[in-house]
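Peer 1: I would like to see how this sequence folds:
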Amino acid sequence: MGLHDRSYRLLFAEPRLVEELIHGFFGEKWVERLDFKTLERVNASYVAESLKAREDDMVWKLRFHDGRPVYIYLLLEFQSTVDRFMGVRMMGYEALFYQNLIKEGKVTEDGMLPLVIPVILYNGEEDWWPALDVADLIEAVDPEADQFRPRLKYRLIDEASYPLADLAGRQNLVAVLFWLEKTSDPSDLRRGIARLVERLGDDPASNGLRRAFAVWLNVVRLPGTGLTEEEIPEILGLEDFKNMMERQVERWSRVLLDQGRQEGLREGEERLVLRLLEEKFGALDAQTREKIRAADADLLLDWGTRALKASRLRDVFGD
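Peer 2: Have a look, this model is predicted:
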């Protein structure tokens, strides 16, 4: 499991973030009938026939407000690449989970199985195009036979589908998370962190969430410029969190500035080498231009020095 997935699991191990995910990104009226005070994480470790445990699944349950013994289990499957047959995978996960519920006797009073809602958080660059219902993956051969096509629908939450303006208008921690995920501009990062500080508040109950966000921002979102996960304290007050994040953005701004300077230096060297070679050897072919575009600053400097003395183009590149 990559750093990004692990950091997201740390974030969504916090019940408040799960609640805001459901409130902010489900949209159906039945969500208002849920009693989020009953929200609790359950053990998602279950074993398939292959004896391969799926201990990294994240499952939550909660009740409706009327107290009926109806549970909703959420499977959070973090996905960064498109999988055409994701519906089949989710059907397998859900079947295994139901088998575990049956084994443990976790059925309703009238012997029914609880509802399971699979959820995918997708943050890949490619648009999500696979079918959201496994039935749409199975060929329809005859109208009378369609009754045997299994159905399983999963909820897709595609971060890229929410514009920054949309996320900015939502009073929701998950929206702030998506905002921070989508932008690399230091001023946008500052605005996002200010919203994060405001939403988290100084409630001691938010300590775990503050630390989870600190880990994600330092280790995953802005890597190499801040603290490691081990260096982030377990108890992180609001002011400490705010100061830590402000310092991190400042460090990130300096890194971006240095990168910009280096890129500008390299682009200048590229233009100079192209100009020298064209003046000395005439028009350059596409392969030579591509070779120059792919070179780093040190190699460009070396080629520029050789170009001053070389009598043949190939002598410049040492071919």
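Peer 1: C-alpha from now on. contacts and neighbour counts both.
Peer 2: Will do.
Peer 1: against Leu10, how distant is Glu230?
Peer 2: Applying C-alpha to C-alpha, to the nearest Å, the value for Glu230 to Leu10 is 14 Å.
Peer 1: what secondary structure does Glu270 sit in?
Peer 2: Here Glu270 is recorded as helix under DSSP: H, G, I helix; E, B strand; the rest coil.
Peer 1: actually Ile157, sorry about that
Peer 2: Relying on three-state DSSP, one would call Ile157 strand.
Peer 1: ok, and the closest non-adjacent residue to it?
Peer 2: Distances taken as C-alpha to C-alpha, 6 or more residues apart in numbering place Leu121 nearest to Ile157, at 5.0 Å, with adjacent residues excluded.
Peer 1: and for Leu238?
Peer 2: In space, Leu238 is closest to Asp202, 5.2 Å off (C-alpha to C-alpha, 6+ apart).
Peer 1: Asp240 is in contact with that neighbour, correct?
Peer 2: No. Using C-alpha atoms under 8 Å as the test, Asp202 is too far from Asp240 to be in contact (10.6 Å).
Peer 1: so the residue nearest to Ile157 touches Asp158, yeah?
Peer 2: Yes. Counting by C-alpha under 8 Å, Asp158 is a contact partner of Leu121 at 6.2 Å.
Peer 1: how is the chain divided into domains?
Peer 2: Annotated domains of the chain cover 1-161, 262-317 [automatic domain parsing].
Peer 1: and the gap between Tyr122 and Trp216?
Peer 2: Taking C-alpha to C-alpha, one finds Tyr122 at 16 Å from Trp216.
Peer 1: distance from the chain centre to the strand or helix carrying Val197, please.
Peer 2: Per DSSP states H and E, Val197 falls inside helix 186-200. Relative to its chain's centre, helix 186-200 lies at 18 Å (C-alpha atoms, centre = their mean, to the nearest Å).
Peer 1: now do the next helix or strand after it: distance to the chain's middle.
Peer 2: Going down the chain from helix 186-200, the next helix or strand is helix 207-215, by DSSP H and E. Relative to its parent chain, helix 207-215 has a centroid offset of 16 Å by C-alpha atoms, centre = their mean.
Peer 1: which elements pack onto helix 207-215?
Peer 2: Where contact means 3 or more C-alpha pairs under 8 Å, 6 or more residues apart in numbering; DSSP states H and E, helix 207-215 is packed against helix 3-11, helix 238-281.
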